Every structure is written in C-alpha cells, then in structure tokens.
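S.K.: Structure for the following, please:
(2 chains)
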Amino acid sequence: MTIKTEQELAEAVRGATGPLHIRGGGTRDIGNPVIGEALHTAGLSGITLYEPGALTIVAQAGTPVADIEAALEAEDQRLAFEPMDHRTLLGSTGTPTIGGIVASNASGPRRISVGACRDHLLGVRFVDGAGTIIKNGGRVMKNVTGYDLVKLMAGSYGTLGVLSEVALKVLPKPETSATLVLQGLSLPDSIAAMSAALGSPFEVTGAAQAGDDTYLRIEGFEASVSYRLGQLQTLLGHFGETSPLHHDDSTARWHELTSVAQFADAPVVWRVAIKPSDAPKFVDCLTQTVGFEVSFDWGGGLLWIAAREPHLEDAARCHEDEGRRSDPSAGAEVIHTNLQHNAGLIGGHATLIKAPQSVRSAVPAFQPENPTVTALSQGLRNKFDPRGILNAGLMG
Amino acid sequence: MQMPTPNQSVLSRKAKIVERLQGVLPDGAVIHTESEVRAYECDALTAYKCPPLCAVLPTSTEEVAAVLKACHEMGVPVVPRGSGTSLAGGALPTADCVILGVARLNGVLETNYEDRYIRVQSGRTNLSVTGAVEAMDFFYAPDPSSQLACAIAGNIAMNSGGAHCLKYGVTTNNLMGVKMVLMDGTITEIGGAHLDAAGLDLLGLICGSEGQLGVVTEATLRILRKPEGARPVLMAFNDNEVAGACVADIIKAGVLPVAIEFMDRLCIETTENYAKAGYPDCEALLIVEVEGAPEEIDEQLSLINDIARKHDPVELREAKDADEAARIWLGRKSAFGAIGQISDYMCLDGTIPVSSLPMVLRRIGELSDEYGLKVGNVFHAGDGNMHPLICYDANKPGDLELCEAMGAEILKLCVDAGGCLTGEHGVGIEKRDLMTHQFAQQDLGIQMAVKDVFDPEWLLNPAKVFPLDSSASRRTAAQ
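M.R.: Sure, this is the predicted structure:
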C-alpha cells in the first residue's frame, strides 16, 4: 500500500491485519528477511522547513535524499555525517530516502569527527505499531525535554515505528578539502598513523584505509587546509611516503570510500565496529580461520569485511570437513559466525550487510547482545509494537 | 510545587530499611540521622527541600547493585544523586526515598589516548575528567557551568551541555558506553570503546533519562586533542535584534565558532559592577570564540568581524593576548554570580530556533514589564539555548510563585516558537507540569512505557519528568 499523509500512514498501520514490511526507497535491504505486506512511505515526501541560519532541515520521511542534498547545496550546507548511499555496495536500484538514512543510522567516514546520523537527528515523528502518531525531540540543537526517543529511533530499522518526519541538524560546507595519502603501510602502521592523526589538533575529518592506501582528510578554509596538511605530513613523515590529493580528487576518493565501492562486486559483506587498536589483532585472529578482504574506516574502528567466491568456497570446505553441507552459503555462515564470535570477545559487534537470502535467513544479521540488553530491547519492542507487526524479525 | 504523598508503609519501616542497607554496605555508608540527612534535602533548585528517609554512599558497582536490589525487594523509592547541582530538582528527595549518592565512585579506570577515550566512575566531577587527561593535551568536551562540582553521573542523567557544544556537542554526543545498574539490582554494560550500537541505541535512550531508568556507575567518554589555540572576540550592539541577526549571519557564513555567547543590558551592567571586565555600554553583547593555529584564528576572526561590521556594532574587541581573552570571558563567566549578588533568581533554559531569538527576547521584555520582575538574558546564542534569569525576592511572600508563573510563560513561549522547555538542565520537578504543553498524551505515554520496561515498579526517581497526574497510576500500582 502507498500512503501520502501521516494520517493515512497511521490508519494503514492501525488497520493492518498482519505483518508489515516498511519500504522507503528500497535501497537498503539489510538485516534478516522480513515477511509482510509492503508499506511504502515514499509518498510522504517534501521538505517541511529549512532554516539555513539555524542549521536545521525538517522533511517528511519519504523525501528523496537527493532533494535534501540539492536544497542544502544551494545554501552551501550539507548533511555532515556523510550518509552512505547503499546502492553501490548492495547493487540496489531505487531512490534513497531520508527516512531510510535515519532508520539505518547510515553514517559515513565523517562520523569519526562530527558524529553519526543519530547525533544530527533533532526530532522525529513516527507511527507506532498500534497506529498512534508520536513525536519526540524537536528542531533545536539542544533538547533534554523528556526521554530521547530520537536516538532510539535512529538505527531501529522500522522495528519500533514507521518514521513520518525527521528534523536534522545540517552544517556549512567547508571552502575546500584535501587528503593525505600514505602508501603501502602495514596494518598496524596504518592504524597507528590514523590514531596519531586523529589524536592531533588538526581536525582530521576522515581516516580510512583501502587497498594499499591510508587516507586522511582535512576540510576547511583554503589556508587552513594547506597548513594542516603540512602539519600532518610532518607528524606522519616517519611512516613513509606521503602524497596529497587536492579538492576534486579528494572528494571523489571519499565518495568511493563512503559507498564502499571497493567491495561492490563481493557477494557477502559485513560491517564490524571495534576499538581501533584492536583491529590488527582482530584481523590476524580471523585470518587464521577464514579468508576475506578488509578495509578500514573511522580510524580503524569500522571494518568492512568482504568474502568473494574463493573465500566462501574455502570456508565451506572446512565446514564440509565437519560433515555438514558445503555450498557457498554455508561458507558465508562460517565466516559470519567467526566474525560475530570474535567481535563479541572484544566488546564490538559485526553486522551482515550484504548476502544472498539463504544466508540472511540462516544467521542473526545483527550481533546478538547480552541477555539484559536483549531483554530490555525486546521489552521496548513489545511496548512500541505490541502486535509485533513492524519489520518483524529484521533485527533478530 | 506538588510532590506525591509519602508512602506511610515505607516511613514506618525506616529502622528496618536502614538496618538492611547497613547490612549490604561498609560502615559509614548509610546516613540516617535527622541532622545528617539534611545535607541531602535539596539540590541546586534550593526553593524546594525535603529530607530523605536516608542516604547511602556506595563505593562500588556491586554495592550500588546491592542497595537497589534491597530497595526493590522492600518497595522503597530511590533517588540517584550525582553532586546535587541540578537546577531542575532532579535530585530532590521525597520523605520516603533513599538517596543514592555516587560521590564516592570517583576513580579513573582507564585512559586510552590511541583510541581517544577515558573510562571513569560516574561520581567523578566533569572538570576532573579533563584534569585526568590534560597533561597529554586532551580534554573532555561538554563543559556545563557547574563543571567544577557536577558529576558525570548527573551529566549523563540530564544530557548536560555547556558553552562549547556548538562545535563539540552535548553529553550524548560524547558518551560511548556505560555500566549501569537496573532497579532490580541487575548490572549491565551498554556500549563501550567502539562506536554505535549493535542493535537498538539504548545508550542514547539512557542519556538524558534523569536517573529514571537505571543508575550509571561507570562511563566511557570520548576525549579530544586540545586545539592549538582559541581566541574570543567581543561584539557590542545597540539592539538585541541586530545581535540576533548577526548570530544567524555568522552561522550561515560557514564559520563554525566553538561558542557564541549572548548577554543583554541587565546582565552586562550587573556583571560590570561585579566583575569589572571592562565591557562596553550597550544593549547586547556577543562573545564569539574560534579555535585553531594563530593564522587560522586570524582568518576566521577577520571573516567574523566583516560580518559583524555589516550590523553596525558599537564596538568590536579582539583579544590580543591571553589576558585580554580572559577579560572578555570574565564577565560572561561571572554573570550568574553577579545577578545572584543583586537578587534571588530562577534560571530557565528553554531552547528556541535561532531565527526566533529577536521575537522571543522582545516578548520576554514585555513579560518582564507585565509581571514587574526583572529578567536578565545570558545564553548560548549559537544553538538557541536561552538562559533567562528571573529576579525575585525569596523573602517577599508570593514573589516565588509570581516568578514561577512568569517562568512558565517564558517556557511556553519557547515551545510555541518551535523550541523546547529545557535545552540542558532537564525537566526534574521544575518543568514537570509543563510537559503537556510540549507533548500530547500519547507522546508522554510512550515515554512512560519506556520507564515501565526498565523499572516496572516505578521506584527510581518516580516523581520527576512526568506530570504527577499522568504518572499517578503507575507510581501507586506497586504500593
């Protein structure tokens, strides 16, 4: 069903007789598969309010991200958390919506300096599982009036309510940007270089590693960017050769890194959040059991792990040795289990982002949490969606 | 301000309750004599006082858990307390409650400069978190005015802000994880040294929940490298609205100062008499601070000064050295104290969209005339977080009530302008009964349902945040 107003949305949820699968632009099909009637929110579209001087934009949840970015661009502003467009990685088509960004808390490389989508989300309106319209937060930068359900809704993948409107903090676009590239660093050196840069006073707004290169981004006024780039070069000189990427090349490179283009052709991809200094050991440990490719964002705190066909076959073979099935799906499950196990041991978490349906049905896409957190989360779901009809099972 | 009638059954069991708590805590950790519990009868909202049944000062997470488990079993309400600096009455006791103070939980558990975080016990004061890392040139960003005294536990409970959140965000943007104890004594960890939640963002929910969902005993906080330098510029204007327009223009121009502070004439004159910072004679004053290397500061300030000049300032004063910078901040930092010298006052913190500043300031002026109470305005202009200081005479019968009525009008005005009742102090008891102006019943209903999940018997700080009649059935159900 397609809806055009918040009222219609509330009626649709209230009148639902079975489970619903909430769809924005359909570009981020992440999590365990959802069975239910599709509820399309793309009809809830339009920017409700944009005040550049107050750094705030309010839009209906189904508003295309492109419309928001165009409006912001005209005022030299942007969504500073650098939301990821999942189409490149997932091979999805469709029009990404702002509601989808919020529901998945999609945050890119700049998350390390300015925070995640949830940190820029000022307010929400949503319809809960009973069909009640609820608002929380507002459109001002500081707001501690009542509980912060805004953060709770960010990244809840439509399992607590269907977003109808979101208010976001926006920031000015910097005059220019540049990137320092360090080539051929070992993994421990790459993480150490990123940590040194992020622990410097030079306000690095991106610290990532892909292929052979480590990238450090600086943004701001022209003179400032060139000064900081020079300072970083001096600071990191002992790591080896450095070379700069200037504004246009830098922007293009970070666009690719944000969309995880390096793994677009991999059939199975995970996202792992850990403490950056744990990254080398985590990768070492995983290498001993399974094969994979990895790149890093957030200064080493975010790992993108990809498994290609040979990796999956290898993993399946070791599974077969244990006398079980040996198809590539089984290989993906082996890697998945290893990833979540190892991430859990060091207090991090691994999420399955891309995989065939068979894998997504077989494993918990989101990292299982400790019993208390699981019970609290389930308790909240029961309150927000007593009938359990909103994207049921998507998050486990 | 109405508070619920104390539970007689709890009051009559005081001796037993004290004995049980003494059994789970070290010697001296239970405070129960009439004269000693006085120390806990109020927080920084001093207009309201009520001695608690008793107070406990545990020294470990396990002791906190033992206290909560015992109180849960005995059906005794618990009011958590950081340093007691809440301006909203967040730590105000009821006669039938146990005050759980975290002041003795004040250690640093871990500092990690490589991954840029610090793990502390929650009773540690805000300023001493920075104190623990500043030798390495790092700092903890949220800086509420009470930072010398206020505890991280209270900062998390109220999601505290400060003058520098325009750039660095408030507590919730700098909190990475907590260890907390639920009302039934369960100890759990949420978040940690990694970024973002594995599943639902419970950490975001806990921050700002005013001690109603659990008691945080440890916190993992993001620390940042100090900037190379910082420098303020002072701008004086002859009109509040012009100053407001200048703020919007600075923000639009693409410079993001770390702070933009605003003071009006009453505050300027009062602080000048008190602190003698050498402020100019004007209607409105802005302090804008930027950070970076000296050349970067020069560039940003020159851009900011160009914008200010278009608004015909009475004076533009850039700090030439550390001493001048300190003098520019001196008046702002002494503003609350200065007003306190001339009058009792009530400090509100309603927040509004920056674009509504001129209208709201004008209307506050009109309300001041209508009520016959002076109002000083000193606030974080960059993020619209107002701080009207309403002056009243605590010794004059009826004056407090008049002040509260006017405060309520101002807060409603903030909500009607598109803002909210409280930007950084919290609801506590102070704004509890105004919540229905900002929220519909269903908006409050779902928030109370969240508390039902964490604390089904409504024993943790039960008489706060929600209007008493909205929460009555839940609060009394367990009794």
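S.K.: For A:Thr351, see how far away A:Phe366 is.
M.R.: 6 Å (Cβ to Cβ, to the nearest Å). Bear in mind the C-beta positions are built from the backbone N, C-alpha and C, glycine included.
S.K.: what's the overlap in contacts for those two?
M.R.: B:Ala198 (Cβ atoms under 8 Å, 6 or more residues apart in numbering or on different chains).
S.K.: longest helix anywhere in chain A?
M.R.: helix A:328-345 (DSSP state H).
S.K.: In CSV, list the C-alpha atoms belonging to stretch B:414-434.
M.R.: Extracted C-alpha coordinates of stretch B:414-434, given in CSV (Å, rounded to 0.1, in the frame of the first residue of the first chain):
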residue,chain,number,x,y,z
CYS,B,414,9.9,28.9,23.8
VAL,B,415,7.8,25.8,22.9
ASP,B,416,5.4,27.9,20.8
ALA,B,417,8.4,29.4,18.9
GLY,B,418,9.3,25.9,17.8
GLY,B,419,11.7,25.1,20.7
CYS,B,420,11.5,23.1,23.9
LEU,B,421,11.2,23.5,27.6
THR,B,422,14.7,22.6,28.5
GLY,B,423,17.9,22.5,26.5
GLU,B,424,20.4,21.2,29.0
HIS,B,425,19.2,21.4,32.6
GLY,B,426,16.5,18.7,32.4
VAL,B,427,12.8,18.6,33.5
GLY,B,428,13.2,17.3,37.1
ILE,B,429,10.3,18.7,39.1
GLU,B,430,10.7,22.2,37.8
LYS,B,431,9.2,21.7,34.3
ARG,B,432,7.3,18.5,35.0
ASP,B,433,3.9,20.1,34.9
LEU,B,434,4.7,22.0,31.7
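S.K.: roughly how far is that stretch from the heart of the chain?
M.R.: Stretch B:414-434 has its C-alpha centroid displaced from the chain centroid by 12 Å (Cα atoms, centre = their mean, to the nearest Å).
S.K.: Ok, stretch B:102-112 next?
M.R.: 21 Å.
S.K.: Check the burial of B:Gly254 by counting its neighbours.
M.R.: Close neighbours of B:Gly254, defined as other Cβ atoms under 10 Å in any protein chain shown, add up to 17.
S.K.: doesn't A:Pro174 make contact with it?
M.R.: Yes - assessed by Cβ atoms under 8 Å, B:Gly254 is found in contact with A:Pro174 at 7.1 Å.
S.K.: I'd like the distance between B:Gln8 and B:Pro93.
M.R.: In terms of Cβ to Cβ, B:Gln8 sits 17 Å off from B:Pro93.
S.K.: looking at chain A, which helix or strand is least sure?
M.R.: None of the helices or strands of chain A scores lower by mean pLDDT, DSSP states H and E than helix A:309-321, at a mean of 84.
S.K.: contacts for it?
M.R.: With Cβ under 8 Å, 6+ apart as the criterion, helix A:309-321 contacts A:267-268, A:289-293, A:307, A:325-328, A:330-335.
S.K.: hmm, back to that, show me which positions of the longest helix of chain A end up buried.
M.R.: A:328-340, A:342-344 (16 or more other Cβ atoms under 10 Å in any protein chain shown).
S.K.: next structured bit after the lengthiest helix in chain B?
M.R.: Using DSSP H, we find that the single longest helix of chain B is helix B:399-416. Per DSSP states H and E, the first helix or strand lying C-terminal to helix B:399-416 is helix B:435-438.
S.K.: contact partners of that next one?
M.R.: With Cβ under 8 Å, 6+ apart as the criterion, helix B:435-438 contacts A:138, A:145-146, B:411-412, B:415, B:420-421, B:427, B:444, B:465-467, B:470.
S.K.: hmm, try it at 7 Å
M.R.: Outside helix B:435-438, the residues within contact range by Cβ atoms under 7 Å, 6 or more residues apart in numbering or on different chains are A:145-146, B:412, B:415, B:420-421, B:427, B:444, B:466-467.
S.K.: With distance to B:Arg119 as new columns, can those residues be given to me in JSON lines?
M.R.: Shown next, in JSON lines, are the contacts of helix B:435-438 (distance: Cβ to Cβ, whole Å):
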{"residue": "A:Thr145", "distance to B:Arg119": "29"}
{"residue": "A:Gly146", "distance to B:Arg119": "29"}
{"residue": "B:Lys412", "distance to B:Arg119": "41"}
{"residue": "B:Val415", "distance to B:Arg119": "37"}
{"residue": "B:Cys420", "distance to B:Arg119": "31"}
{"residue": "B:Leu421", "distance to B:Arg119": "33"}
{"residue": "B:Val427", "distance to B:Arg119": "29"}
{"residue": "B:Leu444", "distance to B:Arg119": "34"}
{"residue": "B:Phe466", "distance to B:Arg119": "32"}
{"residue": "B:Pro467", "distance to B:Arg119": "37"}
